[in-house]
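# Sequence and predicted model, in that order:
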Amino acid sequence: MIEIRFHGRGGQGAVTAAALLAKAAGYDNKFSQGFPAFGVERRGAPVKAFTRIYDQPITIRSQVYKPDYIVILDPSLAGLPEVKEGLKPESVIVINAKEVNPGFEQKTHFYDATSLALKILGRDIVNTAMLGVFAKATKLVSMESVQRAIDDTFGGKVGELNKDLVKQAYDETKGDE
Amino acid sequence: MAKNVVEVAAAVAEAVKLCEPKIIPVYPITPQTHVSETLAKMLADGEFDGEMIKVESEQSAMAACIGAQATGVRAYTATSSQGIALMHEILYIAAGMRLPIVMTVVNRSLSAPLSIWNDQQDSFSQRDTGWIQIHVEDGQEAFDTQIQAFRIAEETNLPVMICLDGFVLSHVFEPVRFLTKEQVKKFLPDYKPEVSLNPSKPVSMGTLGTPEYYIQFRKQLQDAIKKSKETITKVNREFASAFGRSYGNGLIETVNMKGKKSALITIGSVAGTARELIEKESIGLIKVKSLRPFPGEELAKACEGLESVGVLEKDISLGGNGALYDEVKAALYNLEKRPNVSGFIAGIGGRDISLNDMEMVIKKIKSGKEGTEWVL
């Protein structure tokens, strides 16, 4: 079972990202689960959300304590102890950052999703862009399924813009070989 | 084949929509959930033919359900936490009038201190009101049981509440297979009440019960709930033969029991977390699905020959024990060889129940300890 933890700030869409990733994995015919670390979220406050992906039904209901992957939507969160909590040596970090963020010993993929989101959406909402980065970097989920999940969740013009965003982030990310 | 990954609350709303309740009275602000929010959108989009009445409190929501159902149509509502606490008085009336109202309870804790998070104190504390109370473990079971609820209610003339854990289940996106409108229509016949309010054929409902009669009504209600076990198991069977999915016998579900000396007994979504460990830890799992009617005989039979059982629950009857623990103990009293019974109060107010917690609980159950402790 693959366990992914998202870190963002209230309003950046970490919870939606976890749900979109679960939906996309479902479209890839995998079993999945996406859910937030339930809190009384305020705009700007640190937020966590989780996705599990597996080839068998997932029954566990607890939070993710030892993530295989973490996705960080806001680079200013990288130094928080709760972001590093439970990381394994082989965990993989996917971070929205202009350059490799110091402090992680683990393999790190980085991409400047903020600049791209500002360019395409006109707003600093990076959740979908980071899913594009995640899909390319990890190959855990297909680009087509991420786009389908976005269509399914947003639709209309917002959906189209987010699909452009995720596609460009995907294309510009270097995948593992 | 692609999987349909949806939020569980939305899956419940889809199930309700397929059953086409005519009247849905809800209190439209917190502690309301996405179940009502999704239904409101479905009604606004004309996805089914019904009416949502936005009332001023949950007490009014249940009162409106009673009025609507008494006219001979399906009434449905959803609530949570303080909402069901506020309904308490009216829940007795719905059951006493034998109105087959269906309600979804998204289980959340009770104030004070103020908490929005999950436990099951809210619905457990309504277990004496005369409602059938069924708990579910995952999104698919929530969807399927929600549809079964209308059949069970209408065949027994008893109100039914379907309970699902708040947040840890209600807010999770996971795969749920939906049924079609035609499939549900075949499974759930049109609602045709024997008696209803009709100006051209007047009747009185819910009148005075003087001491000569009241106790008899209460006895009849108790008999009806006890007997509803047969309906619940039958509906579970028929659902299985129609759609290929079933949940134990509809009252309890036993897993990994063969040759085991110990079993964990629990209720709701935490059974899923237990499933992760039961094979490795060589322990059985008994999931209680129906809290009311309480499946005492079925539980006793499942526990025959065991050396120890432990009850894990997200509920506390303050001043007593966990309510499920007490009821399990009572149910096992008449066994020739009684297993040791331990109790674990866990997950109160949304405290996460981790695999480590579960492992610790299972070890203690297997050690044969007795008495209740809190998982803090």
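Okay, I see it. Numbers count the residues shown, from 1 in each chain, chains lettered A, B, ... in the order given.
# Quote the end-to-end distance of stretch A:144-163.
Length of stretch A:144-163, first residue to last, C-alpha to C-alpha, to the nearest Å: 10 Å.
# do the same with stretch B:300-315
Stretch B:300-315 has an end-to-end distance of 21 Å (C-alpha to C-alpha).
# which parts of that stretch are buried?
B:A300, B:A302, B:C303, B:L306, B:S308, B:V309, B:G310, B:V311, B:L312, B:E313, B:K314, B:D315 (16 or more other C-beta atoms under 10 Å in any protein chain shown). For every residue, glycine as well, the C-beta is placed using N, CA and C.
# same question, stretch B:44-54
Residues of stretch B:44-54 classed as buried: B:F48, B:G50, B:M52, B:I53 (neighbour count, 16+ other C-beta under 10 Å).
# Stretch A:122-139 too?
Buried residues in stretch A:122-139, counting neighbours by 16+ other C-beta under 10 Å, are found at A:124-138.
# Can you check the pLDDT for A:A37?
With respect to pLDDT, A:A37 scores 89.
# Excluding sequence neighbours, find me the nearest residue to it.
Spatial nearest neighbour of A:A37, chain neighbours left out: A:K48 (3.8 Å); criterion: C-beta to C-beta, 6 or more residues apart in numbering or on different chains.
# Kindly list the main-chain dihedrals of that neighbour?
phi -120, psi 150 (degrees, to the nearest 10).
# Would you double-check that A:P89 falls in a helix?
No. Counting by DSSP: H, G, I helix; E, B strand; the rest coil, A:P89 falls outside a helix, being coil.
# Who are the contact partners of it?
When contacts are counted by C-beta atoms under 8 Å, 6 or more residues apart in numbering or on different chains, A:P89 is found next to A:E105, A:Q106.
# From A:P81, how far out is it?
18 Å (C-beta to C-beta, to the nearest Å).
# Same check on B:Y27?
Computed as C-beta to C-beta, the B:Y27 to A:P81 distance reads 40 Å.
# Which element, helix or strand, includes the residue of the stretch 201-350 of chain B found nearest chain A?
When distances are taken as C-beta to the nearest C-beta, the stretch 201-350 of chain B reaches nearest to chain A at B:G272, 3.7 Å away. Secondary-structure assignment from DSSP states H and E places B:G272 in helix B:270-275.
# likewise B:M52?
Counting by DSSP H and E, B:M52 is part of strand B:51-54.
# ok, and what's touching the helix with the most length in chain A?
Secondary structure of chain A per DSSP state H: the longest helix is helix A:156-172. Contacts of helix A:156-172 with the rest of the structure, by C-beta under 8 Å, 6+ apart, involve A:111, A:113, A:116-117, A:120-121, A:128-133, A:135-136, A:143, A:146-147, A:150-151, A:153-154.
# Where strands are concerned, which of the residues you listed count?
A:Y111 (DSSP state E).
# does the residue nearest the centre of chain B sit in a helix, a strand or a coil?
Geometric centre of chain B, nearest residue: B:I134, 2.5 Å, by C-alpha atoms, centre = their mean. Put simply, B:I134 is strand when judged by three-state DSSP.
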